[in-house]
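Colleague: Okay, predicted coordinates and the sequence, questions at the end:
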Amino acid sequence: MINQIERLVFFIRGQRVISDFDLAQLYGVTTKRFNEQVRRNLDRFPPDFMFQLTKEEQANLRSQIATSSLPEHGGRRYLPYVFTEYGAIMAANVLNSEHAIEMSILIVRVFVRIRHLFASHVELAQKIRDLEREYKDKTAEHTKHINKIYRILDALITPPPERKKERMGFNTSKK
């Protein structure tokens, strides 16, 4: 079940979120009922818990997850809301059902798992950058040494310049 929920989480505006439609399904209520409960308790959902997608974000999301145009998915009269980890937990609280509470525990575990995966990728990216920097420094040093070797080899391989032929011996001619 955690893997299924993990596929419902996406990254938008720098945050990992899950849509109102998906949360409603997970909590076992209709999207309409879910959003009614959220609207009745808006004071519990600050912007870092929930926000509404723009038309561009919705179109981009729809193309990313290949959402169908069924009425419950694409035939909505309003733009969907998305919920961060905290918003998903709060939604379970306003629904106040046993099933919603069980699902919120799973959703929290998914967000935590994604956070750990993300952190490990950040650490890996930093290690790669460090290796690249170290490699670049060593490459520059090696290039200097290799160029020096080429100059020495070139000096050894290049024949000495021709000298002007001079007569050898004593000059006995009298002037």
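Modeller: Cool, the structure landed.

Colleague: average model confidence for the longest strand along the chain?
Modeller: Determined from DSSP state E, the single longest strand within the chain is strand 15-19. pLDDT averaged over strand 15-19 equals 89, rounded to a whole number.

Colleague: what about the helices in this structure?
Modeller: Secondary structure of the chain, counting by DSSP state H: helices at 2-6, 20-27, 31-40, 55-65, 85-95, 98-157.

Colleague: want to try JSON lines for those helices, with distance to Arg77 and mean neighbour count as columns?
Modeller: Glycine gets a C-beta too; all of them are placed from N, C-alpha and C. Listed next are the helices of the chain as JSON lines, based on distance: least, CB to CB, whole Å; neighbours: other CB atoms under 10 Å:
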{"stretch": "helix 2-6", "distance to Arg77": "27", "mean neighbour count": "13"}
{"stretch": "helix 20-27", "distance to Arg77": "13", "mean neighbour count": "22"}
{"stretch": "helix 31-40", "distance to Arg77": "11", "mean neighbour count": "16"}
{"stretch": "helix 55-65", "distance to Arg77": "13", "mean neighbour count": "13"}
{"stretch": "helix 85-95", "distance to Arg77": "21", "mean neighbour count": "21"}
{"stretch": "helix 98-157", "distance to Arg77": "25", "mean neighbour count": "12"}
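
Colleague: and Phe49, which of the ones you listed is closest to it?
Modeller: Among the helices of the chain, the nearest to Phe49 by CB to CB is helix 85-95 (3.5 Å).

Colleague: name the helices or strands packed onto the closest one?
Modeller: Contact analysis of helix 85-95 by 3 or more CB pairs under 8 Å, 6 or more residues apart in numbering; DSSP states H and E lists strand 15-19, helix 20-27, helix 31-40, helix 98-157 as its packing neighbours.

Colleague: From the chain's centre, how far out is the shortest one? Work that out for me.
Modeller: This means strand 15-19. For strand 15-19, the distance between its averaged C-alpha position and the chain's averaged C-alpha position is 15 Å (CA atoms, centre = their mean, to the nearest Å).

Colleague: No further queries at this time; thank you.
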